[in-house]
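Visitor: After the sequence you'll find the predicted model.
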Amino acid sequence: MRIKEVLRTSNLSWSPGQVHPLYIAAGTSAKQLDASFSTSSTLEIFEVDTSTKGWDMPVRGSLTVSSRFNVINWGSVEREMGLIAGGGDNGVISLWDPAKILSGGEDALECELPKHCGPVRSMDFNPAKKCLLASGASASEIHIVDINNPSVLMTPGPKAQPEDDVVALAWNKQVEHILASAHPNSARSIVWDLRKNEPIIQVTDASNRVRCSCIAWHPDVATQLLTCSDEDRYPVIQMWDLRFATAPTMVLEGHGRGIQTLAWCGSDGGMLLTSSRDDHMICWNPNNTAVPGGEKLVEFTAPSQWTFDMGWCTRNPYLVASSAFSGKLSVFSLFGGNEEIPEQPERTRISSDPFAPGPPPPSAPMNIPTMNQAPKWLMKPCGVSFGFGGKLISFDSTSNEITVMQVTTETELLERSEKLEQALQENTLLQFCSDKADATDDTDDKQIWSFLKSTFDGKPRQKYLELLGYKAEDLKDMVQNLSETVGELTLDNDTAIINKSDADSSSSEKDSDKESSETEDEGKATKPLVIDTSTGVDGLICRAMLLGQFEVVVDLCLKAGRMADALAVAMAGGRELFQKTQQEYFRQATSPSAALLSCIISQRWSNLVESVDLSNWKEALAILLSYAKPTEFNALCDTLAGRLSGDPNYSLEATLCYICSGNVAELLECWQDANSEDSSSPLQLQELIEKVMCLQSTNSTNRPLDGDKVVANLLKYSQLLAEQGKLSNALTYISATPTDAAAEFKYKLHMAINDPSLPRPPVPYVRARLPSAASSVTPSSPAASTYTGYTNSTYNPTAYTPSSYAPSSAPSYAPSSAPSYTPSSYAPTASIVSGTSSYTPPAKIAYQPPAYKAPEPPAPTPAPQQPTFQPPPVNYPPAPSHSQPPATYTPPAPGSFSGSSVSNFTPYMPGPGAEPSTPPAKPVARPKGAWNDPPMLKKKTVTIPPVAAQKITTPVVGPVKTVDLDPYSPANYPAQEPGFQQPYNPNSYPAAPAEPAPVPAPVEKPPVPDHYLPMLSALESATNDCKNVSQNPTHRRKLEEVTVKLEALKDKLRYDAVSGTVVESLNQIAGALHVKDYNTALYYHSHIAQTANFSEVGSFLPGIKVLLQIGAQLHAVHHY
Amino acid sequence: MATVVGKVETQHENMIHDAQMDIYGHRLATCSSDRSVRIFEVDKNQHRLIATLIGHDGPVWQISWMHPMYGNALASCSYDKRVILWKESDRGQWTKFYTHEVHASSVNSIQWAPPDTGLYLACGSSDGTISILQGSGDDKFSFLMIQNAHTTGVNAVSWAPSHPSGTTLDPSTKDYDVISKRFASGGGDNLVKVWKFSDEKNVWEMEAELKGHNNWVRDVAWAPDTGFTTSTIASCCQDGKVFIWQCKDLDKANWDIKRTMHTFDDVVWHLSWSVMGDILAVSGGDNKITLWKESHKGAWICISKQDTNKTN
């Protein structure tokens, strides 16, 4: 493609590589006169701006010089713009500073070199020693000048004889002291060694006397030299290798007439452009010796006739400049482009000379073909490219292989990740947390890990309390100590510690003693009952009592300051009266513990968490841990944590609270805020994920791994693992997030893992149609914003199914080794023996609520569900208005309190291993012998804990309507009346309701759909088989657990809350169990573990694993 | 740190110029001076040639996979001035489905925009222009042209992440409406340029010109979103220098941070960021692959160096 053209007959030279923008220096040629016969000479600098349209090249500097030129050479010479050397027809070489020419300065001439005897015919700057300029003239004269010291003239050696013109000179491109000169008349070229200062070899064609017009060294090969024949009869280019200089190694044949000039591309030695007098140009690949006559890359008609000078641009090797005797200086490219001929080529030569010729004929369209061979500078010889999963592929020119590498940068992270993965898989997170807590030196971290560890304990709340410093055993000791010092006194006086109002009335004590004698232990119960009906306070009280006028009694007691009596009577007088009395009591009470008690009884936990002094966070948390309902606990705990996290001094405390509430999302917020400066490092992320995964895996939370921060961090972690090549692990973590934001990444992981056995998730994008045709060739309508199909569709949460949000159901909360408990099997008679002095429910009942399905939008709030079991029978003597309790229980008539019934206020004493946590401490006024005296108080062995933490069971037994057997199960908690609060105590059996609500009928669980039954029965029978075979108690205990987990699975299946892929795998497991193929079964188990949501399968999957492991073990040993 | 896990014998009869894995790492496409594109199925230790795409009349410089939502499809660009789009039919046959032939010279670099940005293919040519092929809603391709993008030829193009930096990782901050339609280019004018699509004018406008290289810019690579708000472009040069350019606020286009990552002894030909944007792989004329990572102090550290074809 012709790019530029101006009307000049000039010798030319491109600006050297360091000069920007591109220039061409052009000096009027001495070889030709134009039609004006002008002999004036100018040196001009044209700017070659390929970015502008049109062929014009602006002249950026111009000088009128004395002599016309035979040769122009712009050398790079250690200065910014280099130097322009002009070899004049008068034998003078002048050096100009191009910077000064460009700025229009007059003093652009740097110097003139010593004069040659004839016209300067050739020049070349040494490519290595850039200040060395060789020049040749007639009579074999060769000068070498250091332009920094122009007065010193050097020669390469003695003048060649016979004397001849030196039409061409060329420095070797590799060896700086080698120079070649061309001598046409003697048909030879001479190679000079400047070190020896003599010619070292003559190159001459013995068979053909060839006049040489130009000469050039190979850009890359030091020993190769080419010469061009000026002879019309033998227009060839001869390639010589000086190692075999007797004959040319190759002859390039193709020109029709003598070759005038050449340009060898410095950027690609495989491109040699020659121009001959027949106006043809040929670009050769002189390196291809296989083609006889030389490989022509491209042959075309020269831009203008009689090209005599040519240059290949160093800076932009796409460009070649040529100058022709036809009067045109052209810039063109051999690498394509559409030539657009300007409509009216501008004449750049403006002359006022009246003899100036008319405008030259318009340039004819010229077709310079594109070279088929791509230039070397476009040939990327090597490359590297990252792929998904830390894959790095690379190649280079040494082979045609692609190397695939795996890049791993985070070795420590991978090790730690491996450990976590193992703990998650093997369910050894307790140990994991324990190890982490032991390993860390950071006290904060230690505490966090200890709390996390506790979440894996069967009774996390109790453990939390212990971690907070409230340990029931310690308390026992403390009370013991206290009893030893003050206990004697207390009991001797038989005075309630806290009821100060008691002190003044000794007579009333006696009375109450009498009255309550019935309620006392047998040893004391033999005292005859005397009823005082006098008109004194006691008498009136008795009278009122005889009439059942409890309100009057209470009133009298209050007036008499007999608080304990008042409260005791009020209890019998119904809920309203009791509450009123209670309030009165708190109004009067002044001790700090009473304030706490008031708070606890009034159950205003939200007030507590919102108003408690932050320094008392521990106590506030302890209260919540002890009393708050599971349904409310998390929210309350979050509120407390939220307050704590607002204060930078309490960030650790906030973290701990979030651990208790299992709030992964907030925990992350809080944790990252506190560690903002370094949470970005992979190891910090690892630490974070370890905590998150531990917390998430605990059985005290059913929150899905949701929340922006959580998802962002899991995504980041997953990406990090993926980039280290751990694709399966990455999938595990990202699968834990329910959000659809990572759907694409999840899919990508699935695809990258490419395991056909894994279920393929739905494609997270909509298959798009490929455009087919061009809408128009020219730039078109704004299509930029019209293409939106992908953007909108990608994030449609198609991959998300609501069922995956279903929080895991109760089994994860079920205490271990609990027998499975179904509503229908529970009846009051089964667990409550009416009239016995101590109620013992079955140890650790695990209640399995039906699994519930989350509502369609991802709101994990369970729908309120009616309790599916009957509350335990009322053991509290009901007020007359009480509705009928269950038939198995016969309530005593008012007033006829039997000793046995009193014991129903006694909190349930826990089973083995549980702390004696529930003596009714700090009782309300306890008149001696009062009817409701807890019998144990009479026994010296029973202690009275003075602390409020766990003793309030009795006073709070107020308006209980429903009772939960498993306080952990959120589903068991129907929406209850506001203000109701059940004290939390994992071991205490909730006290009886004072006013039993109509017993709700147990809600029937829907049946398990039939198509699940084969799978379920396979699992169940496998469990039973194991139970039958194994004598190992550990096994048996574990198998009980399995049964519980299978119940959980059943519950999920009832509501179709298990995704199809998981069911599919479960079926596979069932099938494998049938044939006792435990390996296959375990494979599908781990498949579920890797692919399914934690929240979906967490409730039953561990059970299946235990079953499979035990089964495999037994199978191996017993071959059952 | 980089372990050789496999070799793919490409059977190309001439120099290989590009090799790209598809998004899932299942398939490898290579292109060569032998004018062909080859597609291999790569699975762990095995590989299998599944197609040889013949159609170009010159060396094929680069390939770019389309997003899988379009099926198995890729674009290739060649010295023959053409960009060819290929797709695999349901029967596993690969065919040309579109030829983009608007450049006057060799098309040296192509890249599909991230899927969220839209269906755009940037093509940089030796003719100094960049064409942006775009799929419009009506199943048609159209294109916009940037004239004189780099006057002495465009050597490389690289798209910006589809969303403003720092937002793609954190779903809470990801604003799906804010799409950054930008790419960087590098060329023979020693410049790196940043281009942005102007919706109002329906043209691609130069947003920034990054000056500093003293020779041809051989490759540019816009880093994926690393979660930070800073945008990063790496560029490498004929003279062996690799620069890291950073911009704190893309809308202000103040690419005022320029750091020399390293100066190599040879031409640096190719750069590639890891998927997470934390590692830069550099391929140089000395046939060595080096991996670079930014330290906490902001210095770039070489974390791995090896010969391309040496197994370790």
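Guide: The structure has been received and is ready for your questions.
Visitor: and residue 14, what does it touch?
Guide: Unless you meant another one, I'm taking chain A. Listed by CB atoms under 8 Å, 6 or more residues apart in numbering or on different chains, the contact set of A:Trp14 reads A:Leu22, A:Tyr23, A:Ile24, A:Trp74, A:Gly311, A:Trp312, A:Cys313, A:Thr314, A:Arg315, A:Leu319, A:Ala321. Bear in mind the C-beta positions are built from the backbone N, C-alpha and C, glycine included.
Visitor: not quite, I wanted chain B
Guide: Contacts for B:Asn14 were tallied using CB under 8 Å, 6+ apart; they are B:Ser32, B:Ser33, B:Asp34, B:Pro59.
Visitor: any idea which element it lies in?
Guide: According to DSSP states H and E, B:Asn14 maps onto no helix or strand at all.
Visitor: Then A:Leu668?
Guide: In this assignment (DSSP H and E), A:Leu668 forms part of helix A:664-674.
Visitor: In terms of secondary structure, what does that helix contact?
Guide: Packing partners of helix A:664-674 (3 or more CB pairs under 8 Å, 6 or more residues apart in numbering or on different chains; DSSP states H and E): helix A:630-646, helix A:651-661, helix A:682-697, helix A:708-723.
Visitor: is it true that B:Met15 touches A:Pro381?
Guide: Yes. Assessed by CB atoms under 8 Å, B:Met15 is found in contact with A:Pro381 at 6.2 Å.
Visitor: shared neighbours of those two, anything?
Guide: Listed as contacting both B:Met15 and A:Pro381 by CB under 8 Å, 6+ apart are A:Ser397.
Visitor: of the helices and strands packed on helix A:664-674, which approaches chain B most closely?
Guide: Taking CB to the nearest CB, helix A:708-723 is the member of the helices and strands packed on helix A:664-674 nearest to chain B, at 3.4 Å.
Visitor: Does anything pack onto the closest one? Which helices or strands?
Guide: Checking 3+ CB pairs under 8 Å, 6+ apart, helix A:708-723 ends up next to helix A:411-426, helix A:664-674, helix A:682-697, helix A:727-735, helix A:743-753.
Visitor: Is it possible to get CSV of the contacts of A:Trp14 that adds pLDDT and secondary structure?
Guide: Converted to CSV, those look like this (pLDDT from 0 to 100; DSSP: H, G, I helix; E, B strand; the rest coil):
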residue, pLDDT, secondary structure
A:Leu22, 88, strand
A:Tyr23, 94, strand
A:Ile24, 95, strand
A:Trp74, 94, strand
A:Gly311, 93, strand
A:Trp312, 92, strand
A:Cys313, 91, coil
A:Thr314, 87, coil
A:Arg315, 84, coil
A:Leu319, 90, strand
A:Ala321, 94, strand
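Visitor: Mind giving me the ChimeraX command for buried ones among those residues?
Guide: In ChimeraX syntax, the buried subset of those is picked out as below (16 or more other CB atoms under 10 Å in any protein chain shown):
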select /A:22,23,24,74,311,312,313,314,315,319,321
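Visitor: Not counting sequence-adjacent ones, nearest residue to A:Gly61?
Guide: Leaving aside its sequence neighbours, A:Gly61 sits nearest to A:Ile101 (CB to CB, 6 or more residues apart in numbering or on different chains; 3.7 Å).
Visitor: Would you mind giving both backbone torsions of that neighbour?
Guide: With angles defined as degrees, to the nearest 10, A:Ile101 sits at phi -60, psi -40.
Visitor: Look up how far chain B lies from it.
Guide: Here A:Ile101 is placed at a distance of 23 Å from chain B (CB to the nearest CB, to the nearest Å).
Visitor: That residue: what's it in contact with?
Guide: Going by CB under 8 Å, 6+ apart, A:Ile101 touches A:Leu43, A:Ile45, A:Gly61, A:Ser62, A:Leu63, A:Ile84, A:Ala108.
Visitor: which one among these gets closest to chain B?
Guide: Nearest to chain B, judged by CB to the nearest CB, of these is A:Ile45 at 18.3 Å.
Visitor: Who are the packing partners of the helix or strand hosting the closest one?
Guide: Using DSSP H and E, A:Ile45 maps to strand A:41-48. Packing partners of strand A:41-48 (3+ CB pairs under 8 Å, 6+ apart): strand A:2-7, strand A:22-28, strand A:59-65, strand A:69-75, helix A:98-102.
Visitor: Partner strands of that strand, with direction?
Guide: strand A:22-28 (antiparallel), strand A:59-65 (antiparallel) (DSSP bridges).
Visitor: Show me the strands in the stretch 1-150 of chain B, by range?
Guide: B:2-9, B:16-21, B:27-32, B:36-43, B:46-54, B:60-65, B:73-78, B:83-88, B:94-100, B:107-112, B:120-125, B:130-135, B:140-146 (DSSP state E, counting those that start in this stretch).
Visitor: Tell me which of those lies nearest to A:Thr455.
Guide: Each of the strands of the stretch 1-150 of chain B has some distance to A:Thr455 by CB to CB; the shortest is strand B:2-9, at 38.8 Å.
Visitor: Can you tell me, leaving aside adjacent residues, what's nearest to A:Glu653?
Guide: The spatial neighbour of A:Glu653 that comes closest, neighbours along the chain excluded (CB to CB, 6+ apart), is A:Leu644 at 4.7 Å.
Visitor: Contacts only, for that neighbour.
Guide: A:Leu614, A:Trp617, A:Tyr650, A:Ser651, A:Glu653, A:Ala654, A:Cys657.
Visitor: swap the cut-off to 6 Å and go again
Guide: Residues near A:Leu644 by CB atoms under 6 Å, 6 or more residues apart in numbering or on different chains: A:Trp617, A:Tyr650, A:Glu653, A:Ala654.
Visitor: Where does the first one sit: helix, strand or coil?
Guide: Spelled out, that is A:Trp617. Following DSSP: H, G, I helix; E, B strand; the rest coil, A:Trp617 is assigned to helix.
Visitor: Check whether A:Leu319 really touches A:Cys313, as I assumed.
Guide: Yes. Between A:Leu319 and A:Cys313 there is a contact under CB atoms under 6 Å: 4.1 Å.
Visitor: distance of B:Lys7 from A:Gly387?
Guide: Going from B:Lys7 to A:Gly387 by CB to CB, to the nearest Å gives 15 Å.
Visitor: And these two? Which one has more around it.
Guide: A:Gly387 (23 against 15; other CB atoms under 10 Å in any protein chain shown).
Visitor: measure the closest residue to the more buried one other than its chain neighbours to A:Leu392 for me?
Guide: Excluding the flanking residues, the one nearest A:Gly387 by CB to CB, 6+ apart is B:Met21, at 3.3 Å. For B:Met21, the distance to A:Leu392 equals 10 Å [CB to CB].
Visitor: Touching both of the two, which residues are there?
Guide: Common contact partners of B:Met21 and A:Leu392 (CB under 6 Å, 6+ apart): none.
Visitor: what is the mean pLDDT for the host helix or strand of A:Gln406?
Guide: Following DSSP H and E, one finds A:Gln406 within strand A:401-407. Mean pLDDT, strand A:401-407: 90.
Visitor: what comes up buried for it?
Guide: Buried-residue list, strand A:401-407, by 16+ other CB under 10 Å: A:Glu401, A:Ile402, A:Thr403, A:Val404, A:Met405, A:Gln406, A:Val407.
Visitor: other SSEs contacting that strand?
Guide: The contact analysis (3 or more CB pairs under 6 Å, 6 or more residues apart in numbering or on different chains; DSSP states H and E) places strand A:401-407 against strand A:391-395, strand B:2-9.
Visitor: Look up the residues forming beta bridges with the closest residue to B:His100 other than its chain neighbours.
Guide: Taking CB to CB, 6+ apart, and ignoring the residues beside it in sequence, B:His100 has B:Val83 as its nearest neighbour in space, at 4.0 Å. Beta-bridge pairing for B:Val83 (DSSP bridges): B:Cys77, B:His100.
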